[in-house]
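> Can you look at this prediction? I've put the sequence above it.
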Amino acid sequence: MKLSNAAIADAFEELGDLYELDGAIVHRVLAYRNAAKAVREASVSVAALARENRATELAGIGKTLQEKIQTLDRTGTIPATEKLRAKFPPGLVEITRLPGLGPKRARLLHVELGIDSFQALRAAAENQKLRGIRGLGPKFETSVLAALETMEAQPSGHAPPRVLLARAVEIGEALAAGLERIGGPGTHVQLAGSARRQADSVKDLDLIATTSRPTTLAKSLGKLEEIESVSSAGKAGARARTHSGMAVDLRIARPEQLGNLLQHFTGSGPHNAALREAAVRQGMHVSEYGVLEDATGTTHTCVSEEDVYTLLGFAYIEPELRENRGELEAAKLEGGSGLPELIGLGDIRGDLHSHTIASDGHNTIEEMGLAARERGYEYLAITDHSASHGFGNDVSPEQLRHQIELVRAANARVEGIELLAGSEVNILPDGSLDYEDELLSELDWVIASVHTAFGASEPAMTERMITAIEHPLVNAIGHPTGRLIERREPYAIDLDAVFAAAARTGTMLEINANPKRRDLSDVHARAAVRAGVRIVIDSDAHRAETLQNMRWGVATARRAWLSKHDVANTWSWAQLEKLGKQPRQ
């Protein structure tokens with residue numbers, strides 16, 4: 001039986017948990033967790049790589065871990081796991097996976113109270129015994145009971161995790177390219193579904209293909225190295241699963257039906273439902289097979305999506321807008337379309353948030369500048385972390401003064417791009433900044449961000465943010481809600497009040513394009529612009545190659561209905577510098 005990447009990752013995660021329960025050094029625990037992440041995200045069979053002694057090509061997999069994969073593949077177990085399992089009650093390992101608990105606390109509870117099962121944990125929490133353990137307290141008891149209730153309310157088994165858009169698109173584009181290569185001339189494959197709509201994260205992949213050899217193409221899906229297994233394959237398409245655990249649905253369309261199929265499998269469920277309702281009111285029925293005209297019984301097939309929307313009385317709706325957020329009303333052809341002309345990646349003229357080796361980046365000022373120039377940018381702001389960033393290297397006031405000199409010198413050397421001296425300044429809990437105004441005034445660009453004390457109350461966090469927004473030297477607020485997609489919820493904050501303050505002061509709000517953040521979100525960015533806020537899209541690049549993160553920020557802006565007129569860094573630096581902090585007209 002094939003050893004899947006998910007099984008290897010699960011084994012490494014369990015071994016990491018067991019080592020932590022056993023009190024192993026943190027580096028050993030992290031090694032297994034990092035290895036599990038690398039294996040789970042791998043696009044090819046890691047077991048197959050290990051059989052060829054090539055698993056070490058993956059980041060975080062050394063010779064020792066490769067040998068463990070080989071042993072797991074050969075015997076179905078890892079001896080170190082069996083040895084550690086024997087040291088702890090089975091229920092204790094399960095407890096480690098409860099959100100908010102983890103192996104360290106599970107071990108503490110076992111030592112102090114003998115807790116070795118979910119039942120024992122619930123009883124201890126309900127009887128207020130957890131609060132007696134040093135470092136825990138009543139709040140911990142409440143969170144444990146809430147986590148237990150959430151776990152019990154969920155159906156048995158767990159759905160595969162959603163994948164960040166950037167990774168999903170990488171896998172989907174590799175599958176499409178592989179199928180086109182196998183299918184040969186005349187075969188075309190493209191992504192549909194939530195990946196094409198550029199959603200934050202993706203549950204599965206939809207591929208739409210046209211080919212002269214449909215059955216052959218469908219059966220070829222399993223030949224791609226990204227595919228772990230194929231559950232069905234025939235003339236209409238195939239269903240499969242990647243090594244990273246994503247479900248893949250390949251649909252094969254006749255050329256004359258491509259528009260119908262692509263529209264159907266791109267639109268969100270709510271968008272398609274609203275489109276069907278609109279069609280019924282006109283005496284038509286829409287499906288993936290065509291548009292049925294009730295009066296004549298004729299089914300219209302459409303070569304393009306434009307034809308589908310035109311037939312139903314709408315202007316073409318870009319994939320990113322198909323979420324049933326007013327796009328159908330705006331797209332009605334009678335009276336002219338009210339859809340926006342969406343911003344494109346080519347509209348971006350500069351990047352105003354990047355890091356170098358001065359803080360937690362990986363490239364020099366000059367290397368970042370050359371990479372930005374290669375992307376066609378007119379300007380790049382170097383915004384290393386400020387004095388109280390709290391992790392990685394950070395820049396003291398004295399170092400920032402030196403950094404300004406370095407940026408000026410690099411700007412003189414590198415032609416064809418303006419390098420700006422800036423800083424990503426930490427917003428302290430009281431809303432103040434961690435550099436004096438005299439130093440901040442020497443910078444070309446100041447972006448202020450929250451990096452600490454995320455657990456503040458909504459009133460406190462809102463006041464903190466507005467205080468920073470009102471600072472006369474702050475040009476923009478970075479990643480304004482602090483969210484990490486699929487990992488961390490936004491902190492509690494009154495965004496309506498934040499938007500009002502930003503609009504009043506002319507302070508810009510960022511769409512941080514890091515694919516893990518995309519913050520502001522599409523919904524919040526749209527609301528901000530409606531409130532009169534000016535948006536800036538930044539890569540938050542920490543190395544030269546991640547300047548390309550801009551792609552995901554622009555995708556968020558498109559989902560937010562933004563045009564280039566809503567985004568400040570579609571302007572020249574001269575225009576931006578002249579604008580300063582002026583409220584939007």
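Great, that's in hand.

> so who does the nearest residue to Asp519 once chain neighbours are set aside touch?
Residue nearest to Asp519 in three dimensions, not counting chain neighbours: His479, with 4.2 Å by C-beta to C-beta, 6 or more residues apart in numbering. Placement of C-beta: from N, CA and C, glycine included. Counting by C-beta atoms under 8 Å, 6 or more residues apart in numbering, His479 makes contact with Ser449, Glu510, Asn512, Asn514, Arg517, Asp519, Asp540.

> how about the helices of the stretch 151-300 of the chain, start to end?
Assigned by DSSP state H, counting those that start in this stretch, the helices in the stretch 151-300 of the chain fall at 165-183, 193-196, 214-220, 258-266, 269-281.

> Kindly state which of the ones you listed is positioned closest to Thr301.
The minimum distance between Thr301 and those falls on helix 258-266, with 6.0 Å, by C-beta to C-beta.

> Can you point out the buried residues in that closest one?
Applying a neighbour-count criterion of 16 or more other C-beta atoms under 10 Å, one finds Leu258, Gly259, Asn260, Leu261, Leu262, Gln263, His264, Phe265, Thr266 buried in helix 258-266.

> which one is the last one nearest to, not counting chain neighbours?
Distances taken as C-beta to C-beta, 6+ apart place Ala192 nearest to Thr266, at 4.5 Å, with adjacent residues excluded.

> What is the neighbour count of the one you found?
22 (other C-beta atoms under 10 Å).

> what residue ranges in the stretch 351-500 of the chain score low on pLDDT?
Along the stretch 351-500 of the chain, the parts satisfying pLDDT under 70 run over 389-394.

> Quick check: phi and psi on the residue of the chain positioned farthest from its centre?
Ranked by distance from the centre of the chain (C-alpha atoms, centre = their mean), the top residue is Thr296, with 46.8 Å. Here is the backbone geometry of Thr296 (degrees, to the nearest 10): phi -110, psi -20.

> so Leu109 makes contact with Phe118?
No - with contact defined as C-beta atoms under 8 Å, Leu109 does not reach Phe118; the gap is 11.6 Å.

> got any residues that touch both of the two?
Shared contacts of Leu109 and Phe118, defined by C-beta under 8 Å, 6+ apart, comprise Ile95.

> hmm, back to that, ok, the residue nearest to Thr266 - contacts?
Residues in contact with Ala192 (C-beta under 8 Å, 6+ apart) are Asp206, Leu207, Ile208, Arg251, Leu262, Phe265, Thr266.

> any idea how far stretch 191-203 is from the chain center?
How far stretch 191-203 lies from its chain's middle: 11 Å, per C-alpha atoms, centre = their mean, to the nearest Å.

> just stretch 241-258 next, same as before
On C-alpha atoms, centre = their mean, the centre of stretch 241-258 falls 22 Å from that of its chain.

> now the end-to-end length of that stretch.
Using C-alpha to C-alpha, to the nearest Å, the end-to-end distance of stretch 241-258 comes out at 24 Å.

> tell me which residues in it are buried?
For stretch 241-258, the neighbour count (16+ other C-beta under 10 Å) marks 241-246, 248-253, 257-258 as buried.

> Just those residues: which are in strands?
Residues of these located in strands (DSSP state E): Arg241, Thr242, Val248, Asp249, Leu250, Arg251, Ile252.

> The fourth one reaches Gly237, doesn't it?
Yes - under the criterion of C-beta under 8 Å, Asp249 lies in contact with Gly237, with a separation of 7.1 Å.

> Just give me the neighbour total for the nearest residue to Trp573 once chain neighbours are set aside.
Excluding its sequence neighbours, the residue lying closest to Trp573 (C-beta to C-beta, 6+ apart) is Tyr379, at 4.2 Å. For Tyr379, the count of nearby residues is 24 (other C-beta under 10 Å).

> Specify the beta-bridge partners of Tyr379.
Gly350, Glu418 (DSSP bridges).

> ok, now which ones touch it?
When contacts are counted by C-beta under 8 Å, 6+ apart, Tyr379 is found next to Arg349, Gly350, Asp351, Leu352, Ala372, Ile417, Glu418, Leu419, Leu420, Trp573.

> what do you get if the cut-off is 7 Å, keeping everything else the same?
Applying C-beta atoms under 7 Å, 6 or more residues apart in numbering, we find Tyr379 in contact with Gly350, Ile417, Glu418, Leu420, Trp573.

> And those residues, which is closest to Met550?
Gly350 (10.1 Å).

> Kindly confirm whether my reading is correct that the closest one touches Tyr377.
Yes - assessed by C-beta atoms under 7 Å, Gly350 is found in contact with Tyr377 at 5.0 Å.

> Those two - which one has more neighbours?
Counted by other C-beta under 10 Å, Gly350 and Tyr377 do not tie: Gly350 has more neighbours, with 24 against 21.

> Please enumerate residues in contact with stretch 382-401?
353-356, 358-361, 365, 368, 403, 407, 419-426, 428, 434-435, 439, 445, 447, 451-452.

> What's the end-to-end length of that stretch?
13 Å.

> Going by neighbour count, which residues of that stretch are buried?
Buried, per 16+ other C-beta under 10 Å, within stretch 382-401: Ile382, Thr383, Asp384, His385, Ser386, Ala387, Ser388, His389, Asp394, Val395, Gln399, Leu400.

> and what of stretch 141-152?
Glu141, Ser143, Val144, Ala147, Leu148.
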